[in-house]
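> quick check, what structure comes out for this input:
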Amino acid sequence: MTFRFAALLAAPFALCSTLAPAADLGSLRTLRSPMMVQAETYVVTLTANGQFMPRFPGSDKLTGIGYPSLNIRRAGEPPRFAAPDDGFSISLYDEIPELRFGPVVRVQGGRYYSDDRRLVGLRKINWSVEPGIFLEYFPVSFIRARVELRYALNGAEGFVGNAGLDFIAPIDRLTLSVGPRLSFGDANYVRRYFGVTPAEAAANAIIPAAYRPGADVTAAGVLAAASYQWNETWGTTIYGGYNRLIGDAGRSPIPRLIGSRDQWIFGASVSYSFNWTR
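Below you'll find the model as predicted:
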């Protein structure tokens with residue numbers, strides 16, 4: 001049984017790649033009675049993460065954040081694969097090693113005038129929290145498919161999701177992974193980040209006309225990562241990803257005239273592991 005948790009120290013996350021790093025709270029099972037409880041040893045992993053991503057969905061400028069993460073698993077259990085762009089999740093079912101599902105949450109950064117002066121006249125969008133569910137499946141040991149469906153609250157409201165496929169290559173202490181990504185959203189979600197009202201178009205000197213997008217696939221891209229376990233204590237990970245805004249999001253004047261349809265993410269982390277007995 002594995003427990004993994006990550007806590008954010010900075011708010012902004014990019015929409016199209018929803019660049020958030022991987023975190024997994026593992027599986028939750030029924031607690032045993034006090035008479036059955038024996039001392040157990042766990043492996044605790046503390047990780048320091050850093051990431052660069054677009055300042056707002058559709059931006060052509062990058063911003064950086066840093067945050068810690070925590071992973072707890074039983075000693076002797078192999079660590080599960082997790083991609084750097086997975087949402088923060090809890091696995092409620094892992095009786096079949098190839099299948100897992102449970103709740104997930106992501107944080108999406110907002111869009112503010114301070115991000116880019118060319119946004120003058122466009123609405124400010126506060127950060128959003130996106131709770132939902134995830135499903136993960138390994139058809140074979142070196143391929144993982146994962147889908148997340150979430151509902152955004154606060155800055156934006158609407159359904160949003162991500163789908164990805166990872167090809168995993170463990171080579172001794174090195175683990176390489178690469179795979180395609182898709183992002184999608186309903187009409188309310190896409191309009192919040194990529195729509196332009198007539199009043200906004202009149203107030204902005206760059207955007208000539210209103211734009212009303214609908215539900216669509218918003219981005220397609222790829223993510224690659226390399227993790228190296230130096231010893232039982234220390235490990236490092238580096239990763240990079242690219243997403244292209246497509247569909248109604250890609251046709252929006254916000255990325256086309258103010259920002260960019262090309263969205264990049266880069267990140268690295270350092271982890272420290274130790275044993276804990278309770």
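
> please state the offset of the helix ranked longest in the chain from the chain centre?
What stands out as the longest helix in the chain, according to DSSP state H, is helix 187-194. From the chain centre to the centre of helix 187-194 is a distance of 19 Å (Cα atoms, centre = their mean, to the nearest Å).

> low-confidence stretches in this structure?
Within the chain, the ranges that satisfy pLDDT under 70 run 1-38.

> strands of that one, start to end?
2-6, 23-27, 41-54, 62-74, 88-91, 99-108, 128-140, 143-154, 158-171, 174-185, 216-229, 234-245, 262-277 (DSSP state E).

> of all these, which lies closest to Arg118?
Minimum separation from Arg118 across these (Cβ to Cβ) falls at strand 41-54, 14.1 Å. Every residue, glycine included, has its C-beta placed from N, CA and C.

> give me the buried positions along the closest one.
42-43, 45, 47, 49, 51-54 (16 or more other Cβ atoms under 10 Å).

> kindly report the same for stretch 195-203.
Within stretch 195-203, the residues that count as buried by 16+ other Cβ under 10 Å are 195-196, 200-201.

> one more: stretch 115-123?
Residues of stretch 115-123 classed as buried by neighbour count (16+ other Cβ under 10 Å): 115-116, 118-119, 121-122.

> may I have that stretch as CSV, with CA atoms only?
These are the backbone C-alpha positions of stretch 115-123, laid out as CSV (Å, rounded to 0.1, in the frame of the first residue of the first chain):
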residue,chain,number,x,y,z
ASP,A,115,0.9,38.6,-16.1
ASP,A,116,0.9,40.6,-19.4
ARG,A,117,0.0,44.2,-20.1
ARG,A,118,-1.6,43.1,-23.4
LEU,A,119,-4.4,41.6,-21.3
VAL,A,120,-5.8,45.1,-20.5
GLY,A,121,-9.6,45.0,-21.0
LEU,A,122,-9.9,41.2,-20.6
ARG,A,123,-11.5,39.8,-17.5
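
> and the contacts of that stretch?
Stretch 115-123 is touched from outside by 55-56, 59, 61, 63, 111-113, 196-197, 200-207, 254, 258-259, with contacts defined as Cβ atoms under 8 Å, 6 or more residues apart in numbering.

> can you rerun that using 6 Å?
55-56, 113, 200, 203-204, 206, 258 (Cβ atoms under 6 Å, 6 or more residues apart in numbering).

> stretch 132-141 now?
The contact list for stretch 132-141, computed with Cβ under 6 Å, 6+ apart, reads 89, 98-101, 103-104, 144-150.

> please repeat the previous calculation with a cut-off of 8 Å.
So stretch 132-141 is in contact with 86-87, 89, 91, 97-105, 144-151, 161, 168, going by Cβ under 8 Å, 6+ apart.

> off-centre distance for it?
15 Å.
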